[in-house]
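> Below are the sequence and a predicted model for it; my questions follow.
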Amino acid sequence: MDQMTFHYDTVLSDVHMHRPSSRHLMTRLNHMGQPGTRSSPVQHEDRPGGSKPLWLYLFCVSICLPFFVIVSVFIHFPEFNCFLLEIHSENHTMATPLEDVGKQVWRGAFLLADFILSEPQSFRGATVLELGGGTGFTSVVMATVAKTVYCTDVGDDLLSMCERNVALNRHLLEPKGGEVRVRRLDWLQHHLCTDADTEFSWSEEEVSDLHDNTTFIIAADVCYDDDLTDAFFRTLYKLCSNFSRPCAVLISIEKRMNFTLRHLDVTCEAYSHFRACLEQLQALQDGRCSFRVEPLTSNFPQFLLYERIEHLELWKVTSTPLPAGLQEDSGS
């Protein structure tokens with residue numbers, strides 16, 4: 001890109017920063033996250049030992065944004081256990097308005113994906129719900145080991161883009177039977193949309209599967225606005241309170257420091273509000289389920305190439321349904 005112009009109301013994921021201005025970039029991604037060299041066309045005969053790659057797929061990050069396309073190609077060579085990432089982009093803005101940030105891929109998604117790739121046995125065969133799935137990147141990674149992943153968000157254009165990404169990557173999931181289902185889930189609504197005439201709505205069978213079998217909820221970089229953070233935690237509470245099984249919630253977040261006139265200091269109010277919501281959730285005693293909150297260390301292997309800064313964090317919330325007797329005691 002020769003020149004980028006950002007308006008006051010647009011934001012850009014740090015994933016795209018400090019990149020060369022060329023149109024074609026390839027980066028080698030291995031367990032250590034070491035960068036490779038600038039790309040040239042990949043020839044099959046040049047691969048180590050002449051073998052075919054284990055997987056190759058296209059990943060459209062923001063194809064439905066006007067004048068903006070990013071396509072990534074991942075290739076895995078089993079001999080070296082490494083990945084190649086190729087990004088093509090058109091020469092127009094990569095920033096989006098704040099309400100469209102779900103159309104970008106953020107560093108929190110990479111951190112969460114790294115954790116999934118480093119702990120595949122924990123998620124094998126699981127039913128997983130992603131809240132604020134955006135492009136579907138993390139859901140696709142999860143579905144390489146999980147049985148069913150419900151990737152949820154709002155907005156027909158975003159959900160359509162996500163569904164296209166899933167379709168482009170379906171061949172990654174089919175060998176192991178994994179599946180990503182793109183569905184509408186609005187944190188500001190009280191119920192799941194089950195209207196059969198509405199696109200991305202839930203079937204009754206899916207609602208039952210969600211409530212009976214979900215054991216993981218994942219969310220990547222979704223807490224950047226206090227009102228939406230409140231809605232996120234309300235949704236989290238309602239879901240976990242109705243699940244039949246204990247559920248582990250994995251939330252990645254990046255602390256974004258800003259100077260504020262209110263405090264005349266560098267602060268991160270969105271992160272502070274997120275931490276306050278975690279504390280309130282853990283202290284909640286309604287007799288339906290208990291919540292335990294813990295930070296996870298980020299010393300697991302880095303498979304994807306990004307800057308894993310100290311402000312990137314991963315949190316785990318464990319919800320456990322309480323026995324019926326305890327629920328009755330709490331309600332009396």
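That came through, no problem.

> CA atoms for contacts and neighbours, from now on please.
Fine.

> which secondary structure elements does whichever strand or helix holds Q280 contact?
Here Q280 sits within helix 269-283, counting by DSSP states H and E. On a contact count with 3 or more C-alpha pairs under 8 Å, 6 or more residues apart in numbering; DSSP states H and E, helix 269-283 meets helix 226-242, strand 289-296.

> got a list of what P175 touches?
Counting by C-alpha atoms under 8 Å, 6 or more residues apart in numbering, P175 touches no other residue.

> Is it located within a strand, as I assumed?
No: applying DSSP: H, G, I helix; E, B strand; the rest coil, one finds P175 to be helix, outside a strand.

> thinking again about what came up before, show me which residues of the helix holding Q280 are buried.
269-271, 273-274, 277-278, 281-282 (16 or more other C-alpha atoms under 10 Å).

> Tabulate those (TSV), appending pLDDT and distance to L111.
Shown next, in TSV, are the buried residues of helix 269-283 (pLDDT from 0 to 100; distance: C-alpha to C-alpha, whole Å):
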residue	pLDDT	distance to L111
E269	87	22
A270	88	19
Y271	94	17
H273	94	21
F274	96	18
C277	98	21
L278	98	20
L281	97	23
Q282	97	24
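
> just these now: which is nearest K316?
L278 (10.0 Å; C-alpha to C-alpha).

> now the closest one: how far from C268?
16 Å (C-alpha to C-alpha, to the nearest Å).

> D186 now?
26 Å.

> same deal with V140?
Taking C-alpha to C-alpha, one finds V140 at 30 Å from C268.

> What of F123?
Distance, F123 to C268, using C-alpha to C-alpha: 32 Å.

> So for those two, which sits in the more crowded spot?
Between F123 and C268, counted using other C-alpha atoms under 10 Å, F123 has the larger neighbour count: 19 against 16.

> can you pull the contacts of the more buried one?
Residues near F123 by C-alpha under 8 Å, 6+ apart: 116, 142, 145-146.

> Which one of these is nearest to E294?
Using C-alpha to C-alpha, those come closest to E294 at I116, 17.2 Å.

> what about the helices in the chain?
107-118, 120-123, 137-143, 156-168, 170-173, 204-213, 226-242, 269-283, 324-331 (DSSP state H).

> Out of these, which one sits most buried?
Greatest average neighbour count among the helices of the chain goes to helix 137-143 (a mean of 26), per mean count of other C-alpha atoms under 10 Å.

> Please export the C-alpha coordinates of that helix as CSV.
C-alpha atoms of helix 137-143 as CSV (Å, rounded to 0.1, in the frame of the first residue of the first chain):
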residue,chain,number,x,y,z
PHE,A,137,-10.7,-17.0,12.3
THR,A,138,-10.7,-18.4,15.8
SER,A,139,-13.7,-20.7,15.2
VAL,A,140,-12.0,-22.3,12.2
VAL,A,141,-8.9,-22.9,14.2
MET,A,142,-11.0,-24.4,17.0
ALA,A,143,-13.0,-26.6,14.6
